[in-house]
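Peer 1: Make a model of this:
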Amino acid sequence: MSIEQKRRDLAALYRELEAGQKEMEAGPIPQNRGEELDAKAKEAETLQAAVEQYERISGLAANGKRMGHVPLPRDEREAKAEQSVIRATPGELFVASQEFQTYKANGKQGWSGKVDVSNLNGRPVGLKGEAATRFMEAKTNAIPVLGTDAIIPFDRDPEVVRFEEQEILNLRQLFGSLPTTSDTVHYVRHSATNRGAAAQDGRGAAKGYLSVEFAPATTPVQTIPVLSKIAEQDIDDAARLVQIINGEMDLDIRVETERQLLWGSGDDGELEGIFEVGVPEFDRAQQDDTLIDTVRRMRTDLRVNRVIPTALAIHPLDWEEIELEKGSDDRYVWAVIQTVAGPRIWSLPVVEVDSLENEDGVRRILMGDFTRGATVYDRNMVRLAVGYVNDDFEKNLRTLRAEQRLAFAVKRDFAFSFTETATPTPTAS
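Peer 2: Numbering: from 1, shown residues only. Have a look, this model is predicted:
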């Protein structure tokens with residue numbers, strides 16, 4: 001069965017499960033109907049896992065091709081032009097777009113459209129063939145070499161001096177990711193499995209039943225936008241505009257996205273984050289346990305529940321505590337195990353996440369099977385637009401808007417476990 005057929009079958013199963021949910025809400029249903037819905041829910045979960053597996057393998061295969069690329073001799077490059085891939089950032093695609101060039105040609109009056117940029121997890125977009133050729137031609141015209149008219153050509157540093165340096169953002173990369181073209185995503189939430197396999201007590205005796213609890217669910221696509229005021233001169237200074245988009249606005253959106261994936265309330269246009277859904281809290285701490293002990297016990301609890309954790313998400317302060325842990329001999333207890341992908345603890349990849357501490361001072365550690373436990377659905381990775389807003393005209397300003405549209409679903413809450421490492425300090429009365 002092709003992957004497209006699997007997607008169509010999955011969509012059909014979602015519709016059938018939604019209809020079954022309405023039947024159950026109306027009143028009791030026959031046993032055979034309940035068994036039929038259980039079978040369809042299990043089939044939907046299998047198809048959903050197959051689609052997610054395909055997406056993961058497809059992404060890894062694409063990365064492998066990029067890593068395995070070897071520069072070709074000059075006389076062979078033209079023959080391989082259709083196979084070459086050009087990497088472009090959101091800022092470069094925006095500046096080189098036909099919509100933006102038309103906006104400038106019309107005297108920067110009004111706006112002729114929006115520019116959508118698909119750059120999963122902030123990575124550059126790959127362009128091939130005719131699309132790559134058009135982009136390079138447009139980029140050459142849009143971002144000229146500075147100072148070519150001067151007697152002595154000069155250089156200009158386009159970097160925007162930032163108040164804060166870039167944060168390390170990698171939480172989103174842990175989750176499975178699928179595209180969507182809708183405003184609402186239907187999915188199946190798997191809440192529990194009760195094993196029923198057992199020996200049959202003689203011929204004709206009753207046999208045990210496997211009980212798997214599924215529930216059709218929906219999650220809305222939410223918008224995470226940000227605005228920025230730029231001078232009219234920045235519209236003409238393409239290199240600076242690219243830096244503002246890539247270095248500031250795209251980063252700002254990804255910082256907020258990471259916060260909502262963890263702490264989002266699900267109200268007022270926010271995503272419903274992992275902690276809002278209500279994932280299990282670790283409750284097997286022992287007296288005098290260190291964070292090293294806690295992490296190992298959390299891993300055991302997940303494995304006992306037949307969950308294979310894929311990563312540990314931890315705040316930088318908690319990771320520092322682990323690395324600086326000393327024994328009675330005043331020697332460091334933990335030997336840092338480092339791989340190409342980063343540090344590891346108890347065989348798990350470690351991901352430092354600033355957003356694991358919220359604005360109230362609550363800090364947590366999160367462990368789980370991120371790939372199967374939750375999914376990010378991308379509607380628009382980055383959408384960019386520019387125009388006059390309010391009193392921009394009299395101040396010689398423009399307003400630049402960047403926004404991202406996505407949905408988030410926790411499909412297996414039991415696939416995660418968390419524990420708190422810091423709580424707010426009570427204020428003196």
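Peer 1: surely residue 45 meets residue 189?
Peer 2: No - applying Cβ atoms under 8 Å, one finds residue 45 not in contact with residue 189, separated by 9.8 Å. For every residue, glycine as well, the C-beta is placed using N, CA and C.
Peer 1: Pass me the low-pLDDT residue ranges in this protein, would you?
Peer 2: Scanning the chain with the threshold set as pLDDT under 70 gives 59-169, 235-240, 246-247, 335-336, 338-341, 426-429.
Peer 1: so who does residue 290 touch?
Peer 2: 322, 325, 333 (Cβ atoms under 8 Å, 6 or more residues apart in numbering).
Peer 1: re earlier: any residues in contact with both of residue 45 and residue 189?
Peer 2: Joint contacts of residue 45 and residue 189 (Cβ under 8 Å, 6+ apart) are residue 214.
Peer 1: what sits opposite residue 185 in the beta ladder?
Peer 2: Beta bridges link residue 185 to residue 219 when assigned by DSSP bridges.
Peer 1: so who does it touch?
Peer 2: Neighbour list for residue 185: 218, 219, 220, 221, 377, 407, 409 [criterion: Cβ under 8 Å, 6+ apart].
Peer 1: how near is it to residue 287?
Peer 2: 44 Å (Cβ to Cβ, to the nearest Å).
Peer 1: circling back to that earlier point, quick one: which of residue 45 and residue 189 has more around it?
Peer 2: residue 45 (21 against 18; other Cβ atoms under 10 Å).
Peer 1: Run through the strands of the stretch 251-400 of the chain in chain order.
Peer 2: Per DSSP state E, counting those that start in this stretch, the stretch 251-400 of the chain carries strands over the ranges 311-314, 337-339, 342-345, 348-352, 363-368, 374-387, 397-410.
Peer 1: among these, which is nearest residue 36?
Peer 2: Counting by Cβ to Cβ, residue 36 lies closest to strand 397-410 out of these; the figure is 24.2 Å.
Peer 1: Show me the strands paired with the closest one, marking each as parallel or antiparallel.
Peer 2: strand 222-231 (antiparallel), strand 374-387 (antiparallel).
Peer 1: For the longest one, buried residues please.
Peer 2: When you say that, I think you mean strand 374-387. Buried positions in strand 374-387, judged by neighbour count with 16 or more other Cβ atoms under 10 Å: 374-386.
Peer 1: Dig out what residue 342 forms beta bridges with.
Peer 2: Beta-bridge pairing for residue 342 (DSSP bridges): residue 339.
Peer 1: Double-check it against residue 348; I have them as touching.
Peer 2: No - contact criterion Cβ under 8 Å: residue 342 and residue 348 do not qualify, at 10.9 Å.
Peer 1: what's the closest of the strands of the stretch 251-400 of the chain to residue 254?
Peer 2: strand 397-410 (8.1 Å).
Peer 1: What residues of that closest one count as buried?
Peer 2: By neighbour count on 16+ other Cβ under 10 Å, the buried set for strand 397-410 is 397-398, 400-410.
Peer 1: Kindly reformat those residues as JSON lines and extend each row with distance to residue 4.
Peer 2: JSON lines is the format used below for the buried residues of strand 397-410 (distance: Cβ to Cβ, whole Å):
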{"residue": "397", "distance to residue 4": "47"}
{"residue": "398", "distance to residue 4": "42"}
{"residue": "400", "distance to residue 4": "37"}
{"residue": "401", "distance to residue 4": "34"}
{"residue": "402", "distance to residue 4": "32"}
{"residue": "403", "distance to residue 4": "29"}
{"residue": "404", "distance to residue 4": "26"}
{"residue": "405", "distance to residue 4": "23"}
{"residue": "406", "distance to residue 4": "23"}
{"residue": "407", "distance to residue 4": "21"}
{"residue": "408", "distance to residue 4": "24"}
{"residue": "409", "distance to residue 4": "21"}
{"residue": "410", "distance to residue 4": "26"}
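Peer 1: ok, these vs residue 39, which is closest?
Peer 2: residue 409 (22.1 Å).
Peer 1: who's the closest one bridged to?
Peer 2: Taking DSSP bridges as the rule, residue 409 bridges to residue 375.
Peer 1: I figured it was touching residue 219, is that so?
Peer 2: Yes - between residue 409 and residue 219 there is a contact under Cβ under 8 Å: 4.7 Å.
Peer 1: Can you pull the residues that touch both of the two?
Peer 2: Residues touching both residue 409 and residue 219 (Cβ under 8 Å, 6+ apart) are 185, 187, 377.
Peer 1: Using the three-state scheme, assign the second one.
Peer 2: When you say that, I think you mean residue 187. Recorded secondary structure, residue 187: strand (DSSP: H, G, I helix; E, B strand; the rest coil).
Peer 1: contacting residues for the nearest residue to it once chain neighbours are set aside?
Peer 2: Nearest residue to residue 187 in three dimensions, chain neighbours excluded: residue 409, at 5.0 Å (Cβ to Cβ, 6 or more residues apart in numbering). Counting by Cβ under 8 Å, 6+ apart, residue 409 touches 185, 187, 189, 217, 219, 374, 375, 377.
Peer 1: One more pass at 10 Å, please.
Peer 2: For residue 409, the contacting residues are 175-176, 178, 185-189, 217-219, 271-272, 277, 373-377, by Cβ atoms under 10 Å, 6 or more residues apart in numbering.
Peer 1: just to revisit the earlier point, quick check: of the buried residues of strand 374-387, which lies closest to residue 298?
Peer 2: The nearest member of the buried residues of strand 374-387 to residue 298, counting by Cβ to Cβ, is residue 374 at 17.3 Å.
Peer 1: how much space between the closest one and residue 318?
Peer 2: Residue 374 is 21 Å from residue 318, by Cβ to Cβ.
Peer 1: cool, and residue 33?
Peer 2: Using Cβ to Cβ, residue 33 is found at 49 Å from residue 318.
Peer 1: what about these two, which has more around it?
Peer 2: Using other Cβ under 10 Å as the criterion, residue 33 and residue 318 rank with residue 318 on top: 22 against 13.
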